[in-house]
Structure formats: C-alpha cells, structure tokens
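Participant: need a 3D model of the following:
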Amino acid sequence: MAVASISAAVGGVAFGQADGQSEAVEPVAVESANPPWRDLERAQHDLEVAQAARASAQAALDATVEELHRELGRLDQLNAIDAGERLLRQEAESLVVQEYIHGSEIEDLEFILGVTEATDALWREALLLEMADLMDQALSSVEDVSGERERTAARIGRLNDAIPYLNSRLSDTGQSVEAAEWVVYIAEINDLADRELAKNRFIEPTEQQWFNLRWCESTNNYSVESSNGLFYGAYQFEPRTWRTVGGTGNPAHAPPEEQDARARLLYSRRGSQPWPVDYCGRWLPQPWTR
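Facilitator: Okay, here's the model as predicted:
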C-alpha cells in the first residue's frame, strides 16, 4: 500500500517545507564505508576536519604560487647579466648591513659607508667582523650570475611540478567537504526525527522492520515509480507527503539515505499511520505496542 498524504481536514500534517529543515543541497556520493547519517555531532566534526584540510590545501597552493611568482621575477632580473650582478651586489650589501645591526660599532659603520664600491665595503666589513668566509661567499656569488640563474630556474621547475599535485589535493579536499556537508544535511533530518520520536513517544523501528516495510512497498527499490504514477521510491511516497517532510523533486530520484531519513521523519510525526496497518504498515510498530 502506498504512503498516502492525509489532508488537514482529517488530522494530517499541512503540506509544505518541514519545520526546522535547512535548505536542500545537491546530493553527493559519499565514499566512507560508514557515514554518520544518524550522528549529527560526529557529522559536524567530520565536516570541520574536511574544511580544515581544504583550508590547508588552499594555503599550500597559495604559498607555492606566491613563491613561484617571486622566483620568476628573480629569474627575469638574472637573465640580464648586468641586472643580475646588481641584484647580487645589493644582496651582499644587505648582508653587510645585517651584520652591522647584529654587532658592529658606529665607527665600523662609518668605515664601511665611507667607500664607494660594494666590493670594498664587503672587504672592509669582513675585516671588521672577522667573517672572511661569509664575505667570500657573498662576493663569489657576484661572479656567479649564470650559476644563480640555473639554480633559480631549477627552483622554478620544482615549484611548477608541485602545482598540479597541489591543485589535485585542493580538488580532493573540496570534494570531501561537499560529501561531509551532505552527511551533515542528512544527519540534521535524522536529528529532527530523533527529537520528534522522543516528543511523540513513538517506538523506533528496527532496521529489519524498515527493510520489511521497503520490501513490501517496493521490493526495496529506491528508484521505483508506481505504474499509476502516484507513488515513488522505496517507501512509495506521494509527492505531497514527501514535501511535508522537506523533500523536493521526485522522491525516487533522491538517494537512499535521504529517502530513509525522510521516512523516519514522517514516522516520527505520524507513526505508522501513513502506511496502512492492513498492508505494509503491519511491519512497523503499532500504537498499541508502546
């Protein structure tokens, strides 16, 4: 026997969006072996974890792209020998200033700044700070524009190679977030059903009883439509009844987890009444069994 909607005139629920339901979201395939369809707290936690993973993937991609742009700008400068030499001299001079900040005296700074050539300044700073090895390294890099260009190009290559992986990771984490959002959406329906069951003091059907009901109504076929075009899905919802529990569209097109959750919500509000007891409703707990 199909699920029949009962008009308000005879004590049924009003048609329309279910109370407390969030806006419908597009169904998403969930790969988890045991999604928490009926555990809202766990579903929300899983969503937070998925969102954090997506944020981490986005941050890694952004940082890599930023570093790539920085290295590309450096390579542009190094591609002109003169520009490359100027860049490396500026870096060497910056090193001198940093070393002064970390310990040189005022007279040392005056000694350094009293020269016109960066190489002379580097030599004097090395003498003052007894850091000849460090200065030799900085100075030798001035003569190694070609080598620095190759090293920069190599870094660019590694960064370029990393971007497809990071994009794939971002896509995967985005899909995980969408799946987690869908699980939360279904868990919210079941959480509402839990509260309605407690309020109305209905007995929760067992999984076997739900299976027996589905088998009686549709041979457990979630995509079935009745031959007369009036009833749909595993629980043979009438479209108007489907809407009273927040469903949209054709019930037979909804995924199994949504049909299950909305059937629970319907039962939590009206008990076995929508499934006549002389037919398929006999598989559900009856009021007199409370």
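Participant: the helices in the stretch 151-290 of the chain, which residues?
Facilitator: 207-218, 239-244, 256-270 (DSSP state H, counting those that start in this stretch).
Participant: average pLDDT across the second one?
Facilitator: Taken as a whole, helix 239-244 has a mean pLDDT of 96.
Participant: list the buried ones in that helix?
Facilitator: Using 16 or more other CB atoms under 10 Å as the test for burial, helix 239-244 gives 239, 241-244. To be clear about C-beta, it is placed using only N, CA and C from the backbone, and glycine gets the same treatment.
Participant: now the longest one
Facilitator: By neighbour count with 16+ other CB under 10 Å, helix 256-270 contains the buried residues 257-270.
Participant: quick one: low-confidence parts of the chain?
Facilitator: In the prediction, the chain carries residues with pLDDT under 70 at positions 1-25, 31-33, 81-93, 95-143, 287-290.
Participant: one more time with 80
Facilitator: Counting by pLDDT under 80, the ranges of the chain that qualify are 1-33, 79-146, 287-290.
Participant: Y222: what's it in contact with?
Facilitator: Residues counted as contacts of Y222 (CB atoms under 8 Å, 6 or more residues apart in numbering) are 233-234, 252, 254-256, 259.
Participant: so how do I select the buried members of these in ChimeraX?
Facilitator: The following ChimeraX selection, which keeps only the buried ones among these, applies the criterion 16+ other CB under 10 Å:
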select :233,234,252,254,255,259
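Participant: just put the contacts of Y222 in a markdown table and tack on distance to R42.
Facilitator: Formatted as a markdown table, the entries for the contacts of Y222 read as follows, by distance: CB to CB, whole Å:
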| residue | distance to R42 |
| --- | --- |
| G233 | 27 |
| A234 | 25 |
| A252 | 29 |
| A254 | 23 |
| P255 | 19 |
| P256 | 20 |
| Q259 | 21 |
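Participant: just to revisit the earlier point, make JSON lines from the buried residues of helix 256-270 and add distance to D144 to it.
Facilitator: Formatted as JSON lines, the buried residues of helix 256-270 follow (distance: CB to CB, whole Å):
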{"residue": "E257", "distance to D144": "63"}
{"residue": "E258", "distance to D144": "65"}
{"residue": "Q259", "distance to D144": "69"}
{"residue": "D260", "distance to D144": "69"}
{"residue": "A261", "distance to D144": "67"}
{"residue": "R262", "distance to D144": "70"}
{"residue": "A263", "distance to D144": "73"}
{"residue": "R264", "distance to D144": "72"}
{"residue": "L265", "distance to D144": "72"}
{"residue": "L266", "distance to D144": "76"}
{"residue": "Y267", "distance to D144": "78"}
{"residue": "S268", "distance to D144": "76"}
{"residue": "R269", "distance to D144": "78"}
{"residue": "R270", "distance to D144": "82"}
